[in-house]
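Trainee: Below are the sequence and a predicted model; questions follow.
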Amino acid sequence: MSAPSSSAAGAHEPLVKPALGVGVAPALEGRNRLTCAFRLVLAVPHLLLVGGPIALGLTWAGRPEGQDLGWQGSGGALGAVACLCALVSWFAIVFTGRHPRGLWETGAFYLRWRVRAVAYTALLRDEYPPFGEGSYAAFVELVRPEEPRDRVAIAFRIVLALPHLIAVWLLGVAWACTTVIAWFGILFTGRYPAGLYQFAVGVLRWSTRVEAYLLLLDDRYPPFSLE
């Protein structure tokens with residue numbers, strides 16, 4: 001029997017690579033009311049290092065009279081490092097087509113930690129997340145893109161991401177409202193409403209994919225989807 005032709009073999013291959021995977025193990029019932037009540041206080045160390053949900057992070061402080069200019073970023077101290085790595089990587093990729101491995105790994109380390117911290121801060125899980133790498137019930141699947149990278153897509157990455165930035169900002173406002181409702185729901189019933197939980201996980205997926213795209217960790221254009 002003759003071997004299948006290359007065209008036939010490729011007919012079953014997906015035309016579009018699947019979106020970057022982000023997931024959270026469901027935690028709806030039997031929630032810890034005490035830790036949920038003081039969740040923002042408990043999450044402060046992580047908020048300082050890798051930031052919080054977009055509802056908390058995408059806020060910029062103005063410049064009051066007599067005060068220095070300041071801003072509240074969404075990524076914490078390590079997020080600032082990841083942004084700097086992305087900036088250096090941008091120049092490296094545009095001029096050489098290659099992403100320095102150490103810079104990519106630093107950004108990936110930040111994003112994995114950030115997903116775990118955001119899941120905890122946004123009441124999606126009750127277990128305290130590890131500092132840095134570690135096992136947790138929230139994850140992001142990151143695979144280093146093949147090289148050489150697409151210099152044109154990298155050069156205009158922020159422009160390409162603008163529609164997603166607008167969508168994520170609007171979703172972040174909605175997420176803030178649903179999280180407040182869920183907070184009261186957990187305090188009074190010990191349960192996170194299923195519909196609100198699915199929405200929150202969906203926004204986490206969307207925002208994480210956009211962040212990975214902006215940090216040059218992934219070249220797949222994020223889908224406009226909560227799934």
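Mentor: Received, thanks.
Trainee: Check which element follows the worst-scoring helix or strand of the chain on mean pLDDT along the chain.
Mentor: Lowest by mean pLDDT, DSSP states H and E among the helices and strands of the chain is helix 6-10, with a mean of 40. Using DSSP states H and E, the helix or strand that directly follows helix 6-10 along the chain is strand 22-24.
Trainee: ok, and for the next helix or strand along the chain from that next one, which residues are buried?
Mentor: Moving toward the C-terminus from strand 22-24, the next helix or strand (DSSP H and E) is helix 33-37. Residues 35-36 are the ones in helix 33-37 that count as buried (16 or more other CB atoms under 10 Å). C-beta coordinates here come from the backbone N, C-alpha and C atoms, glycine included.
Trainee: Show me what helix 33-37 is packed against.
Mentor: Contacts defined by 3 or more CB pairs under 8 Å, 6 or more residues apart in numbering; DSSP states H and E place helix 33-37 against helix 157-189.
Trainee: Tell me how far residue 221 lies from residue 207.
Mentor: Distance of residue 221 to residue 207, computed by CB to CB, to the nearest Å: 15 Å.
Trainee: These two: who's more crowded?
Mentor: The residue with more neighbours, out of residue 221 and residue 207, is residue 207; 28 against 16, by other CB atoms under 10 Å.
Trainee: Quickly find the element holding that one.
Mentor: Going by DSSP H and E, residue 207 is part of helix 194-214.
Trainee: Which positions within that helix qualify as buried?
Mentor: For helix 194-214, a neighbour-count test (16+ other CB under 10 Å) marks 196-197, 199-214 as buried.
Trainee: which helices and strands does that helix pack with?
Mentor: Counting by 3+ CB pairs under 8 Å, 6+ apart, helix 194-214 packs on strand 22-24, helix 101-121, strand 138-140, helix 157-189.
Trainee: Let's have the ones you listed in JSON lines, adding mean pLDDT.
Mentor: Listed next are the helices and strands packed on helix 194-214 as JSON lines, based on pLDDT from 0 to 100:
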{"stretch": "strand 22-24", "mean pLDDT": "92"}
{"stretch": "helix 101-121", "mean pLDDT": "96"}
{"stretch": "strand 138-140", "mean pLDDT": "94"}
{"stretch": "helix 157-189", "mean pLDDT": "95"}
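Trainee: who wins for proximity to residue 84 among these?
Mentor: helix 101-121 (9.1 Å; CB to CB).
Trainee: Can you name every helix or strand that the closest one contacts?
Mentor: helix 39-42, helix 44-50, helix 76-96, strand 138-140, helix 194-214.
Trainee: is it possible to export these to JSON lines including distance to residue 118?
Mentor: As requested, the helices and strands packed on helix 101-121 are exported to JSON lines (distance: least, CB to CB, whole Å):
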{"stretch": "helix 39-42", "distance to residue 118": "12"}
{"stretch": "helix 44-50", "distance to residue 118": "8"}
{"stretch": "helix 76-96", "distance to residue 118": "11"}
{"stretch": "strand 138-140", "distance to residue 118": "8"}
{"stretch": "helix 194-214", "distance to residue 118": "6"}
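Trainee: and residue 26, which of the ones you listed is closest to it?
Mentor: For the helices and strands packed on helix 101-121, proximity to residue 26 was assessed by CB to CB; helix 194-214 is nearest, at 6.8 Å.
Trainee: Please save the CA atoms from that closest one in PDB.
Mentor: What follows is helix 194-214, C-alpha atoms only, in PDB (Å, rounded to 0.1, in the frame of the first residue of the first chain):
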ATOM      1  CA  ALA A 194     -21.800  28.900  39.000                       C
ATOM      2  CA  GLY A 195     -22.600  31.400  36.200                       C
ATOM      3  CA  LEU A 196     -20.500  34.100  37.700                       C
ATOM      4  CA  TYR A 197     -17.600  31.700  38.200                       C
ATOM      5  CA  GLN A 198     -17.600  30.600  34.600                       C
ATOM      6  CA  PHE A 199     -17.600  34.300  33.500                       C
ATOM      7  CA  ALA A 200     -14.700  35.100  35.800                       C
ATOM      8  CA  VAL A 201     -12.600  32.200  34.500                       C
ATOM      9  CA  GLY A 202     -13.500  33.200  31.000                       C
ATOM     10  CA  VAL A 203     -12.200  36.800  31.600                       C
ATOM     11  CA  LEU A 204      -9.100  35.400  33.200                       C
ATOM     12  CA  ARG A 205      -8.500  33.300  30.100                       C
ATOM     13  CA  TRP A 206      -9.000  36.200  27.700                       C
ATOM     14  CA  SER A 207      -6.900  38.700  29.600                       C
ATOM     15  CA  THR A 208      -4.000  36.200  30.100                       C
ATOM     16  CA  ARG A 209      -3.900  35.400  26.400                       C
ATOM     17  CA  VAL A 210      -3.800  39.100  25.600                       C
ATOM     18  CA  GLU A 211      -1.000  39.600  28.200                       C
ATOM     19  CA  ALA A 212       1.000  36.700  26.800                       C
ATOM     20  CA  TYR A 213       0.600  38.200  23.300                       C
ATOM     21  CA  LEU A 214       1.700  41.700  24.400                       C
END
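Trainee: Cheers, nothing more for now.
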